[in-house]
Each structure stands twice: as structure tokens, then as C-alpha cells.
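A.B. asks: 3D, please:
(4 chains, ligands or ions: 2)
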Amino acid sequence: MFLPHTDSDREAMLRTIGVERMEDLFQSLPTANLFPNLSLPDGLTEMEAQGELQHIASANETAQDLVSFLGAGVYNHYCPSVVDSILRRGEFYTAYTPYQPEISQGTLQAIFEYQSLIVNLTGMEASNASHYDGATAIAEAVNMAYHVHRTKRKKIILSPGLHPHHRETVHTYIQDSSIQIVGENLSIEAGPEEIINLIDQDTALVVMQYPDFFGRIYDFSALVEAAHAAKALVAVHVNPLALGMLTPPGDFGADIVTGEGQSLGIPMSYGGPYLGIFATRSKYVRKMAGRLVGETTDSKGQRGYVLTLSTREQHIRRERAISNICSNQGLLALAAGIYMSLLGKNGLRQVAELNYHKAHYAAQKIAAIPGFEIAFESPFFNEFAVRCPRPAAEIADHLLTHHDIIAGYDLGQDYDGMENHLLIAVTEMNSREEIDYLVETLSEEPHA
Amino acid sequence: MFLPHTDSDREAMLRTIGVERMEDLFQSLPTANLFPNLSLPDGLTEMEAQGELQHIASANETAQDLVSFLGAGVYNHYCPSVVDSILRRGEFYTAYTPYQPEISQGTLQAIFEYQSLIVNLTGMEASNASHYDGATAIAEAVNMAYHVHRTKRKKIILSPGLHPHHRETVHTYIQDSSIQIVGENLSIEAGPEEIINLIDQDTALVVMQYPDFFGRIYDFSALVEAAHAAKALVAVHVNPLALGMLTPPGDFGADIVTGEGQSLGIPMSYGGPYLGIFATRSKYVRKMAGRLVGETTDSKGQRGYVLTLSTREQHIRRERAISNICSNQGLLALAAGIYMSLLGKNGLRQVAELNYHKAHYAAQKIAAIPGFEIAFESPFFNEFAVRCPRPAAEIADHLLTHHDIIAGYDLGQDYDGMENHLLIAVTEMNSREEIDYLVETLSEEPHA
Amino acid sequence: MPEPTIYDISSPGRQGMYYPDPDVPLASLPDSLIRKDFPFPEISEIDVVRHYTRLSQLNHGVDTGFYPLGSCTMKYNPKINEETARMPGFTQLHPLQPFETAQGALGLMYETQEWLKAISGFDAVTLQPAAGAHGEMTGVLIMKAYHRSRGDNKRIKMLLPDSAHGTNPASSAMTGLKSVQILSDERGNVDLAALRAECDDTLAGLMITNPNTLGLFDENLEEVVKIVHDAGGLVYGDGANLNAIMGISRPADSGIDVMHFNLHKTFSTPHGGGGPGSGPVGVTAELSQFLPSPIVDIIEDADDDGAPLYGLVTPENTIGRVKSFHGHFGILVRAFTYMIMLGEKGLRQASEHAVLNANYLQALLRDTYKIPHDRICMHEFVMEGHWEDAPGIHALDISKRLMDFGFHPPTNYFPLIVPEALMIEPTETENKETLDAFVDALIQIADEAHNNPEILQNAPHNTLFGRMDEVQAARNLVLCCWLPEDYEESAPQPLILD
Amino acid sequence: MPEPTIYDISSPGRQGMYYPDPDVPLASLPDSLIRKDFPFPEISEIDVVRHYTRLSQLNHGVDTGFYPLGSCTMKYNPKINEETARMPGFTQLHPLQPFETAQGALGLMYETQEWLKAISGFDAVTLQPAAGAHGEMTGVLIMKAYHRSRGDNKRIKMLLPDSAHGTNPASSAMTGLKSVQILSDERGNVDLAALRAECDDTLAGLMITNPNTLGLFDENLEEVVKIVHDAGGLVYGDGANLNAIMGISRPADSGIDVMHFNLHKTFSTPHGGGGPGSGPVGVTAELSQFLPSPIVDIIEDADDDGAPLYGLVTPENTIGRVKSFHGHFGILVRAFTYMIMLGEKGLRQASEHAVLNANYLQALLRDTYKIPHDRICMHEFVMEGHWEDAPGIHALDISKRLMDFGFHPPTNYFPLIVPEALMIEPTETENKETLDAFVDALIQIADEAHNNPEILQNAPHNTLFGRMDEVQAARNLVLCCWLPEDYEESAPQPLILD
Ligand SMILES: Cc1ncc(COP(=O)(O)O)c(C=O)c1O
Ligand SMILES: Cc1ncc(COP(=O)(O)O)c(C=O)c1O
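C.D. replies: Ligands and ions are numbered 1, 2, ... in the order given. You can find the predicted model right below:
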């Protein structure tokens, strides 16, 4: 399959090489277990494979089959047809890292534009070409802040409102270092003030989420001020779509903005591939991990783009590189770039507000159901936590089984004492009817 | 929607034109009913339209939801992913007729190759760039033969085995001319011999189908000889996929080959767009309708392609043109070209044989069911007629309602006296299990 | 580098697509019917992909740049159309399935008929014709059927303004009618005197394009229609130019009796490198009985909580079917998607901006190029591509030179009544910057025509291919290619998959 | 013509995508949290499409031509992969859905783990890592966790052959280990003496790429492994080069303890202009307890007529999660599609032909270019891009000149142990004609290097862009663009749809 070799080509090539049979090419290999039997099935033709995958796909029940209010870091947004129609172009997706700029200007300019869009969206000064996802972007932020302080400051403050997966990832990354993580165990009611209390002269970085995992939006100005007073850095992890309406972290002084780019036109695809956003201040550019595209000129005097500052990277610096990242999320950065270009300023604002209004309508309706309460008073974007009269898991289970609704995310999975809390996300994909249907089924819930 | 005009652009443009308001551009129009109210709904955004169309599409039950043995001129074949991935390229589908060859070599070369593939597949000498579909290709063949004989011969023989839609279409096209159609009312048992009997000195053309509407394959050599002896032309209408294994009409002397190209990688799409194949002998090229691509050289000495012999066409010849055709099925010709290139000689042979074997397995099994008989003894390709113990319509209805099977095509719709006949098509998409399931349900049929 | 043909890159034994071995017992093959040789390319999948990818890059399309090809309405083809048309609920539907299983498709067709009726003012619509010309033939057959139904058998004459598109006389001729040309007057309208002179009792009708192919709305349209009607003729409207008047003026309101739509123009369905098109035909109530069969209708009204039941019906005195099945359904899905996205207001805005764009270009070009019928135009206009003081330059040279600026040339040498015609239709989806750049290029070209004519005569310069020798192609006809003589045919048996 | 940026083509008030007006009552906005200004491009849909379509054409990809970028396995990316990964049953699935509603996806992941295990010989696999380097870090953390679990805390040293890819030392360093370089011997193998010298009780392990980055299968692999194991270390395998040995030799059989796979190399998933990749990690049974969480397992066996129930489980002594959710699922779908299409025999044939193609190129080039380790290679080989008698020519010049022939250059300047390295990996999906044309080009270039060096030094000549000034880019850092200073911001309220 996928081999273009004819029998006579193969013959001729072996002859040119000077061996008789294919097997002769593997003479230098250990003979034990050479050409092992793998006990794998025979190959399938394309039509069989298509059928098989269709069969597997249909064993999933998706946001198309169910009414879903599940978010918790991944959102069911509309992916404009233009995005995928461009992503399907072979010139984009069958190229690799643009090491050879003369024949890679498509990728390079698209990434340069992506960097620009992220800078404008976040209010920062420089963006890299992407990280694997939001979680790893934060891990890289931790690493960067640690090195900005020449590894002298050991303390990293993680907000308890930072996505649990992201916090777990940071722990994995730093597990053998001398970095200490604090803050996670603050009460989840804790606001920026409590975080401020933790900042000291040993603090390298404070990581906040915006909106946070519970959907809450806080004003971080005072926190940033306090951190800067202590010469600590502040990283704000964003849902980039929310920045269509919210004050960008650059405006309140963030040093680093990370984000999960999935909400920018990338399908949910059961968890990936997504897009790790990473932006920072110009002064930290040389400390930032990841690829960077810069503008330059070609020999004909034309504007062009190249990978630049690669002395930060593993292929030049090896063990002294800032990070080990090599392949990144190029195609997803392209997707996000197309999405942002297409929506533009007004479209982003429009979709952000649509999410906002729908979520607030849902919250208001749910709050009116006896026994249900909105858990926090803070402003929120498109997601909010609800205190339920009985365990969220039971409610979610009931709604799924009987009403084909995924009611949200059971916060008890990650937070002790929040067993009765459901995290509900509402996007532009949820019609008013769907919201009303959720409210209706929640109202009918036996509150025993 | 889809307008790039900003308010200030619009202002500036109106000013340049020298009018004040948009309405002023329509001053010369009859004032009665200017800007009428159309009572049409408001526009939808892309995400709403997508949802609406998804909703409409899901109101259909397709070959994916049902087990289908329906053919009758349109076949459920596998469309290789490569075909659609190329068709999605904007440079192909957003271009038009390649009037300007210097910037249309993609389309031109692809059509040139399509012409070549059709010539090789059919065994003919020249192919045009496409007609609308099989039916209109035949209508054009009738017209061509009529004009080859300088309108002196009035008789056109249509085989009763020619698709009913195709025959109807020919009738529509010639309705006011002096052409007479004969042959259609021959017994459907009639073979080529009976057709031969109709050929005379007034006969311009004999149109046969290969395999015919009932799936039957005849040897047309004697018929062609007889026609040629009477100086009549012979058009053979083909299922091009069958030519992966069957003797091409060029080999037995056909003057014209028409075909329905749907089976060459084109989705069923509820009836279109499909592809009208038209090939003929070199000597008739100047009498052939439709666009033609020819090879030439550019000013740099490079091989290139252009539309040629356009003096046959409406934009030059107007009322004396061979046909009125202008837009054709360019993108479908491209699809068929990709499909044929991809399968190549061996793939076409392979898929044709697969259809053949599966259909024969089904026929043999069905013939073994008491009360069911294969209607004709002739060899067949992937479709065959079955005589049932009771009306085909009733059986088909029962199988659809109770077993989600589309059992085939009820021949009683088109042929008097064939109410008990079911036309069953089997393609590479029908697994043995599906065939066995059909056989099983047919066996359980109450034979009352 | 020209791309080799697929025949050039074939090699014996290659295959780009495989099929499973039969899961049924093998039947014996009818030896005498099996083809003996099969000179056909053999190519691997990667090479097929590369070949067609590279070929595509040799094309100019709407997706790559401005394409002001007059009369063709090369507007933006929304990507969502390509998604909706590919929904499996549509693509996997067989046209002969029981209608109960195809209610979605039939409903969509019904709604498409309704939208087209509302936009045009006609009372009934068939979706069957495959393209504009096919719609014309359908319409002319309907006109003939009308006369015949009245026993009026001497009507054998079809009038065609000299500005008509070539398909009009060709379509008319295909039905056996005699074409008679009517001159245009100085303002680009049908010459009323010339028209009257031909209006006798052999008149079948008039085929008129309005706005006409000069891009002008006939100022005497109502009078023209009246003259034809008074003579017992019918008026056929070529709807190719509907993009100028959606929501502005309805052809049926002007008395036109039958008209085709070009979904691949007005309704944004892609042109596909030459097709597929789709050419629905609208008619007045009186003519609806003659429409080709089948059309879609409601055969059982909606009850309280359901949709109506749709079905295919045959008009009473149908002219018959004009092709197999029900028309270019896949194109209808695209056009329907487009229409519902625009809605009533959007349709009107599209036409308004199409007209705005054309007039803007005309205003900026009228000092440099001769515009023989210089008044407010509709969605397109025609100018002359030559100057008396630049005798060596023809419209074609200007066209070829435009390619160097990245633009597709306008339509050349049509309509025939304007010498060296350059027919420019920008469409509404182009922005001001693009139009300005196009004007700049044309002004520069006009200057070159006078001061440096060779640069036009040898154009294009910046394209991969230089000017093609069309004469050679016609003289020395090469219409297909072959495998090389010494190509070793691979064995004809299916390859073993392993 | 360079393409303007999206900032260049922005105009106030344009919008390429609209949203419906809210179907719910409006909530009041928290004014103090609302952004005040938003300098962002505004572009219509058609212009976005044209922009990115034109940009794409400035790229060389596997779909447009040969791409022998060593170490990257730029094989053909089957189109069917793109279809299956886009099935709505996959794309619309939320990663946190109850596992009962995601059995298709979980089953596919489970099967993917099984296939990778069978191919590599490992006992357990995690699919979570996002790319090769991420897999490396995961693997190294597992190695460290292993030592730690044994209370063996002094093992702080990772050995790396001098031919190692840069990610290897970088990944190792990220976990806090100290990197120590091991020289290669003359035959391109790990120098056993050098290795032994470093094998003490501070040894955490060795990261080895096999076949190595010279394209050579280490002739002493078993001995290397034994030395490391004897010293209490573990052996990490960089699986980037697995494409040479599928169905031929299993890394786990050679004693390797942990290895990452590059699905975006060996398993045909596209490289996406830089990513996404996918870097699953396989480990021995002993190490499986340390795998990152979660992995997929059967949590309820199949009953008679059903599939088993799949779920996500956490390995006992997991190192934790290395990213959010379960890995690059969309890439797994592609790789799974590929694997089941190839099947056992097809996987072996792929590797065999990858090795065949590389050796064929090597055989034809060895007389013209210096190949420092000239023996039968695996799926790639490294030659020197310079000659003593052509001192002005560097590997980079050869690379740039290759572009003029339509080829993507090989990898340059890696591995570091070969001066002026040109690392050539043709992959198995290229045909002989392509390889022959590539050889012809390289031979012509070698001739030019000696007789007409400027043509190389000024290359490329036939591409749209000439050589880029990388120094300028680094000196005068411009990392993003902006709307022009005088850009008039459009009002921030959502546009009214009409
Ligand atoms: C004015 C006019 N009428 C009719 C047609 C024919 O339409 P079609 O090409 O769809 O057959 C065209 C096509 O360009 C046209 O411009
Ligand atoms: C030998 C080798 N190891 C590791 C890597 C890193 O893989 P990734 O780019 O997927 O992180 C590469 C990438 O090119 C490589 O060639």
C-alpha cells in the first residue's frame, strides 16, 4: 500500500545497490528475531478502512447527538468552513517546519501573522509560534520565569482556579527540580487578594487563569502590581475567545500570557491536537521557548520571513536550550490565524458576547430552580459553577441517561467538597431551546 | 453577507460615480414594482445555515443508513478520498471555462488527459470535454448522426434496453424535428438480431446500451456490421466502469460511445451533477458537439493546451452551431480523470471484477429462492433483473419498511408487464453479509 | 516547468487504489466479452496527488484573484456551500430511492423552487436543466409547446437581439426555430422599429437578455414585451444577468414569460473549470403545464407537527424530461445554502453592490477607454479594447497583459456588437482596493498601448506559460495522448494485495 | 509578488464571519472588565480565502514534490487519513465526556496502543505525548521514576552519542539530568570504550537513536545495551527512525527499555508545516507502572456479542500527566487508519522500501559526494556537502540550488558529527524516476560546484523568493506586524446583520 515500486524498478534498484534480495539490506542487524512475526492483521483497502473508521466513529455519541453543556477547558464552538477549507490544502499540511524559507513563505508568513494576532489579542509584545497545548504552555512559562530569575527564586504560585490538568502538568514537568508550587490549596473561594498574600521575594511567578477554571473573571491589576513590586512575574492563562470582549492581560501588566487555543476554530477531537498560546514582553523574547518567525528581506529585496533566534532552541543549543520543543502545533496555529482573520475584531467581539449572553441567560434560569444556586458571585464569561441539591455526578448521569444531555462537568472529580457542584458551559452552539430544555430537566430532577 | 464594502468605501464609490444613493443606480428601470417585497425570510449566518442544512440532510435515509441494491443507471460506488481532496482545490473549482489558456493550464491539461483516458477506455479515437449527463450525451449523438447524414436519414433506432430516462430525453430533444424513433417498442427479450432487422437505408443511427438497462451484455459485432453495411452509425451507451473488464465498443466498431460517467468516482447526490461521456471516431470530430482541448505550444516553446475547433460551437457559430452547449461538466470530468488515473488499468479491472463477482453471487443465491428467477439468460455485469412471485413494488416496499433494504428498482414503473420484475444492482459496496441479508429477507417474503 | 501528463508518468504495475479480494465465490468470466488489451495509465497514489495538485496551481480561479469575466458572474463561492453539498445525507442519496426516504432532498428542492419564484416573480420553476443553455432549450420548447397547444403551428420564428449570447440562437435553432436577428439602437436597447418589423404571425417569440449583454437595462423593456405579446409571441428571458436585479426588479413583473436562472452565476455555485452549472427555468402560470417532468410539489399537506410530504409530479402537458433524474441536485444544495444565508435583504444588497462595483469601474475607466454605450450600467459594462491611435493593439493584447498584474482578463469579443469588446463584470464580492488596482493596471496598459505596444503584444510575461499558439492546435489536431509505443503492458490480472 | 499581510489588507468595518443575534435576553456587560481598544484586522471572507490560498502556493510540501528531509520521514500523507480524522463522530467529541459515550474513541486508542506494542515489542504504551521531544521528556521522567522507585537517587547522568538529535540532550536536561556526550566510532557506531568509561553508578541511562542519525543500524547495539544495563542504567530509544525497521527488528527485542514513536513520521500523519506531531511512548512491563496518566485499558471484558468496555486508567506509580487530556487524538485516528491499511505485511514492506530507496540513492551518489560512513544504510544516509577542491561551496549552497530543480533540500548540518552534512531520507513512497531525477540534479550541482560555483552561491534562482537574509532577521527583530498608525478603528459594537 502506498508503494510506487514496480517489480522491475525493485529489481533494478537492488542491482544498482549490489545486493540480491531485499533481506540483504538488513545484514547488519542482530539476527535474533529478525523479521519477527507481529501477529497483526492483514492490510485493508481504503474502502474497508473507511468503513471500519466510520463504524468506530459511530460508536461515539457526540455534541451532535447530545445536548452538551460540557466545557472545562474545551468548548464546542462553531468552526467556520473557511478554516477547514484552507487547512485541507496540501501545501500547508504536508510541509514541515520551514527550515528552508525560500520555499516555505506560506507557512512562515502565516505564522508571522499568527504571532501578530496573538500579540494584539492579548495585548502583549511578542508571541511564539505555538506550544503543544495550554497546559504545556504554562509549564514552559514556569520554566521561563524560573530562568528569568536565574533559578534563584524557587516559588511558583498556581491559582487554585487554574485548570486541574494544567496544574498536574506543571507538577510533572518540575517534579525533580527545586521549584516549589504553592497556592493550589487555597480555598477555591480565594480571590486575587489571597494570592497576593503568598507573593514574596522568593516568588518567581504567579499563574492565574482568566476566566478561571470555574468561569470567574477577576481584576488582576492589584495582583500584578504586588507581584511586580516583589519582582515576581505574572502569567495569565486565557481562553483567547474571551479576549474578544475582556480587557487583555497586557493592559493590566501581565508578563506572560498563555492560553488554550482550542476555542479559536479548532475542533474538540476528543482532546487534541489543540494549540498552546504563549506571549510575553519584548524584554523576555530571548528567554521564551518555541519557534519564532521574524521579518527580513530576500536577495531580490522582497519582504520575507524566516525562523529566527534559533540559538534559543534545542537543535543549536542542545542541553542548554530553553526547551526541548521541536515539532509544535503549526497547523493549529494556522487554523487559529485563519479563524482570527476571518472573524476579525467585530466577529470576535460578537461571538464572545453571544457566549456571554447565553451563559448568563442559562445561569439566571438555573438559579431560579429551587435547590440550585450559582456558586460564585464573580462575573463570568461563558461558564459558571452551580451548587446542586445533590451530587453533580448523579444529576449528570440522570440527564445523560434519560434526556441525552451532558449537563456539564462534575467538579467533585477534582475538588474535595465540591461533589454537588456542576460546571456548566454555554456557547454560541447552544440554542435557547437547548438551555430551556436543560433548565426543564434540572427542574424535574428528584431532589432527594 | 459576503460583501467587503465598508461604509466609507460605499460613500466614496457613489461619489466617484456621481450619484447620491444606491437607489440612484436603478433610475432607468421601470418604476412599477421597483424594489418589490419578496416575502422571503431574513438571512442566516453560516452556523445557522449549516445547522439548517444538516437538519435537512438528516431527513434523508441514504445508502449509509439502508442496505441498498438500487442501480438503474446510478451506482453506489466507493469514491476514493483522493478524488474529493483534489476537487476541493479552489484553483480548480473556482475557475471557469479555460478561455484564457495561459492561466488555465491546470484545467486544460486535466481535460486533455480526461479526453485521452476516455479514448483509451472506450477504444475510440476522440472524446469531447463532457456533456451534461448520459441522457443528453445520447441526445447529442442523435443530433450528430442526423447531421452526419445531412438530415437526410430520418430514422433513429433506440434499443428498448436503453435507459428509460435517456429515451425520454431523446424524445424531448427531437420533438419538433422530422426524426423518427423506432425500436423502443420491441419486446424487451429482443436481442441485437431484432434490432438489425430494423436497420435500413433511412437509418441514421442505432443506439444500444452496454450493459443495457437490464444489466445484459450482448455482442454487438454483427449489429455494427449490419449498420455499417447500411451506412448507419452505431452509438453504444456504456457504463464506463464495466469497460474495466468488457471489450470496449471501439473494438467492435462503434462510431459513437456515450456514457454516464457517474460510476467513475462521482457521488450519487440525488441525481447530479453527473458526467456525460461522448467519444467518437476522428473523422467525426468536426461534427461532434462540446468543448475540445488540443495540444499546442506556447511562445516559450513549452507544450501547452488550448480549447480548439471552437468554430463548431455556439459562441462562434450561433444558430449554426452543432449544439447549444456552453457550460459543461468540467469538474466532474476532472473527478473522473482523477478516478481513472488513480485506479489505472489494474484498479479499474479489479473493481469491475469485484462488481461482477458480487452480482453473480447475489444472482445465484436469489435464483435459488423458490418463486424467484433470473429474468434473462444473457451475461451481465453488476445488475440483473429478477422475476418475483408478486409485484416488485410490494416486495420492495415490504423490505424497506421492515428490513431497511432498498431491494432494487421496480421495472413495472417503466415497462408494461414487468410489474413482477426487480432490477438488482450489486457493487463493491455491498458486502456478502448484505447480499445474504437480502436473500434471507426475500426468502421470508410471503409469496402470496 | 510544464507538468508531464499522467501518460508520461505511468509505469507498468503501479496502482493508486486497491480493492479487497472478493468475499464471495468467483463467477466465471464470459471470455468472449472480456477486453483483450487495455492501454491505460498506471500511477501510484502519491503521484496522482502531486500531478493534480501541481496542475491546479497553473490555474487562475476566484480563490486566487480577481476574475472580472463579463457575463459569467465570477463572484465568491462560499466555502460553506462546499460543506453542505458534501453532507452524506445528500451525497449518498440515490435519485431513484422511494420518495419517502428522500424527503429532505425533495423539501430542499421545493424550497429552492419557491425562492427562485419569489426572486423572479414567476409562478412555477423546474430545476432540471443542467446549465443556462440547457435551460434556454427547455424554455424554447415550452414556448413551442404553448403555441402548439393553441393549434398555432405557423410560429417558426425566434427573434434575437444582435447582442444575444451565442447560446440563445443555438438553443432556439436546436428546437427547429428560425433565428432572426434584431439590431440594437444607439442606446443599446432593442431597436423598436426593427422589432416591430419582424412581429408577424410567424413569430414564436423573442429571446432577450435583460440587463442585456452590454450591461444595460433595456429602457424600453415594457414596450418590447408588449410588441411581442401583441403579435402573439412569447418573451424568453436569458437570466444570466439576474445578479443585477435581485430584489430590485422581477423579470416576470416586466411581462417576461419564461426565463432560466444560472445558479452557477447569480447564486454563487462554483464554475468548476467549465461546469457543472444549473439552469432552472421559471414560467408564468399559463406555461407551467408544459414544464419538463418531474417537478417537486407538496403531495400531502403538513399536519400539525410535521413537515408536508413532498413528491415528484409530472406537469400536465409536459415537454418531457430534458435529462435523466431531477437536475443538478448537488448544485441546488449550494444555491439554496447561499440564498438562505443572504435572505431577502442580502439578495438585494448583493445586486446593489454588483451594480455599484461595475459603475465605479466604468466611472474610473471612461476617460481612458471608449465606452460605446456610456450611461449608468448594471452589474457589468462593455468597453472597447483598442484605440485609433494605437492601431496594433487589440482587446486580446490588453487581456493578455492584464495577466501580468495577476488579474483574469474580462470577456473578449463579446457582445459582438461592440468592436474589440472588453466586457467587465466585477461582481459584488470584490472590494474597492481590488477595483482600484484593476483600474490602475488598465490605465497603465492604455499608456503602454500607445508608448510601448510590444509589451502588450508579447504579453503575458509574468506567467508560467507564454501566449499559446491556437492556430497550431487547430491545424495540427492533437486531442489526446497515449502510452509510449514501447510501453510494456502489465499483466491484466488484479494485483494481489499484500 | 510577495503577499501582503492580513494587516495590510484590513479595512475598518469588514468582517468575514457573522454570528446570529442573541436568542436570549441580553445580560449587562461588566463594564470595568471590557476591553477598551482592540487593534485587530478586519477582512472579508473572500479576502481571507485568497490570502491563505495564495500563501499556501508559496510552500513546498510533500503534495507538491520530493521532500527528502533527513530524520523527518516526509512520506506520503494518505488523503483517507484526512477524511477519517474529520468524521464528525471524532471531531465533535469532547475529551471529558463520560467514557460510556466515547467507546469508539477509546477503542481506537486502545487498538493503537496494541499496534504500537506489536510493532515495537514493548509491553505498554502511552499515547499522551504531543510530539517526539515531548515523548523523550516523558520517557526520561519514567527512567528517573524507575531509579527513584528503587531508592537509587544518585543516578544523575544521561549519556548521549554525539550523533544525537538536539531534542535528546534538551529533553534530558529539562528533567534535571546531566548530559554526557559519547563519541561515535569510525563505523558510525557508539564507541564502546567511551561508553564503558562513563558507565558508573551515577548513570541514569543512555539515549540512543537506532538506526542512528547517520542512518546506520548500530552494529553493537546489543553490546551497548548490555553495558548500560550492567551499570544499572536504562536505555532510551529515540524512535524517530522506526521507519527503517517495522516488521524487521523490534527495539524492545534489542533490550531498549523505553522509546517514543513519531506518528508524524513513521505513521504517515502530516507534518502540518511544523506540527502537530504525536509522540507515544512504549515501555517494558517493568516500567509500565510509571507511564503518564491516563492510558486506555479494557475495564470490562467483552461479553458474547459486544465489544469490551474501554476506560481511562491511571498507572500505579505514574509520573503524572504530561499535557491536558489524552494526547493528539486527531493524529491517532490518522495513524490508526494508516496502520490498519498497511497491516503486518504492509508495514514491513514500507520499511523495506524505505531502506531500498535510501541505499539506491547512496549507491548512485557515492562517486560524487563523500559519504563518511559508507556501508549499507537504513532509511537514510548522510553525505558531505562540500569538496576540498571547491572550497567556496557549502552544504547550504547545494541545498538552495536543489530548489531550482523543484526538490526540497535534505536536512543540513545535522548530525553534527559529519561536516557540512546533507542528510537524505527519501522514504518509501517515492518512485525510481523521482530518485533518478534527484540524483541527476545532485550530480549536475556537483559539477557546477567545481565549474560554476556562483550559480550555487546565488541559488535559488527559479523560486519566487531569493535567499533570505537570516542575519538581518535576528539583528533587527521584527516579530509581528500592526495595523497602520492612522488606521481608523471601527466601532466596537457587533455589526447588525442585514
Ligand atoms: C448571457 C448568457 N446566456 C447564456 C449563457 C449560457 O449559460 P451556460 O453556460 O450555463 O449554458 C451564458 C454563459 O456564459 C451567458 O453569459
Ligand atoms: C532523531 C529525532 N529525534 C527527535 C526528534 C524530535 O521529534 P519532534 O519534532 O516530534 O519533537 C526529531 C525531529 O525531527 C528527530 O529527527
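
A.B. asks: can you pull up the bridge partners for the residue nearest the centre of chain A?
C.D. replies: When Cα atoms, centre = their mean is applied to chain A, the residue found nearest the centroid is residue A:260 (2.9 Å). Note on residue A:260: beta-bridge partners by DSSP bridges are residue A:276.

A.B. asks: quick check: it touching residue A:277?
C.D. replies: Yes. Between residue A:260 and residue A:277 there is a contact at 7.3 Å, judged by Cβ atoms under 8 Å. C-betas here are computed from N, CA, C, even on glycine.

A.B. asks: please enumerate the shared neighbours of these two.
C.D. replies: The contact sets of residue A:260 and residue A:277 overlap at A:134, A:137, A:240 (Cβ atoms under 8 Å, 6 or more residues apart in numbering or on different chains).

A.B. asks: any residue of stretch C:127-136 up close to chain B?
C.D. replies: Yes. If you take Cβ under 8 Å from any Cβ of the partner chain as the test, stretch C:127-136 does meet chain B, through C:130-134, C:136.

A.B. asks: now, these that are in helices?
C.D. replies: C:132-134, C:136 (DSSP state H).

A.B. asks: and which of the residues you listed is nearest residue D:396?
C.D. replies: residue C:132 (55.7 Å; Cβ to Cβ).

A.B. asks: got a list of what that closest one touches?
C.D. replies: Per Cβ under 8 Å, 6+ apart, neighbours of residue C:132: B:326-327, C:167, C:238-240, C:260, C:262, C:265, C:277, C:279.

A.B. asks: near chain D, from those residues?
C.D. replies: Applying Cβ under 8 Å from any Cβ to those, none is adjacent to chain D.

A.B. asks: what's the separation between the closest residue to residue C:418 other than its chain neighbours and residue B:314?
C.D. replies: Nearest-residue entry for residue C:418: residue C:382, 4.9 Å, with adjacent residues in sequence omitted and distances by Cβ to Cβ, 6 or more residues apart in numbering or on different chains. As judged by Cβ to Cβ, to the nearest Å, residue C:382 and residue B:314 stand 19 Å apart.

A.B. asks: these two touch, right, residue A:144 and residue A:286?
C.D. replies: No. Residue A:144 is not in contact with residue A:286 according to Cβ under 8 Å; the separation is 10.5 Å.

A.B. asks: neighbour-wise, which of these two wins?
C.D. replies: residue A:144 (24 against 12; other Cβ atoms under 10 Å in any protein chain shown).

A.B. asks: residue contacts, the nearest residue to residue A:272 once chain neighbours are set aside?
C.D. replies: Among residues not flanking residue A:272 along the chain, residue D:328 sits closest, at 4.3 Å (Cβ to Cβ, 6+ apart). By Cβ under 8 Å, 6+ apart, the contact list for residue D:328 reads A:271-273, D:130, D:263, D:276-278.

A.B. asks: let's see if you can find the most crowded of the residues you listed.
C.D. replies: residue D:278 (33 neighbours).

A.B. asks: now it: phi and psi?
C.D. replies: The phi and psi values for residue D:278, taken as degrees, to the nearest 10, are phi -160, psi 130.

A.B. asks: with residue C:34 instead?
C.D. replies: phi -80, psi 140.

A.B. asks: so who does the spatially closest residue to it that is not a sequence neighbour touch?
C.D. replies: Using Cβ to Cβ, 6+ apart and skipping the chain neighbours, the partner closest in space to residue C:34 is residue B:245 (5.9 Å). Going by Cβ under 8 Å, 6+ apart, residue B:245 touches B:349, B:352-353, B:356, B:381, C:29, C:34-35.

A.B. asks: from those, which has minimum pLDDT?
C.D. replies: Least confident of the contacts of residue B:245 in the model: residue C:29, at 92.

A.B. asks: surely that residue touches residue B:356?
C.D. replies: Yes. The criterion here is Cβ under 8 Å, and residue C:29 meets it with residue B:356 at 7.2 Å.

A.B. asks: alright, I will stop here.
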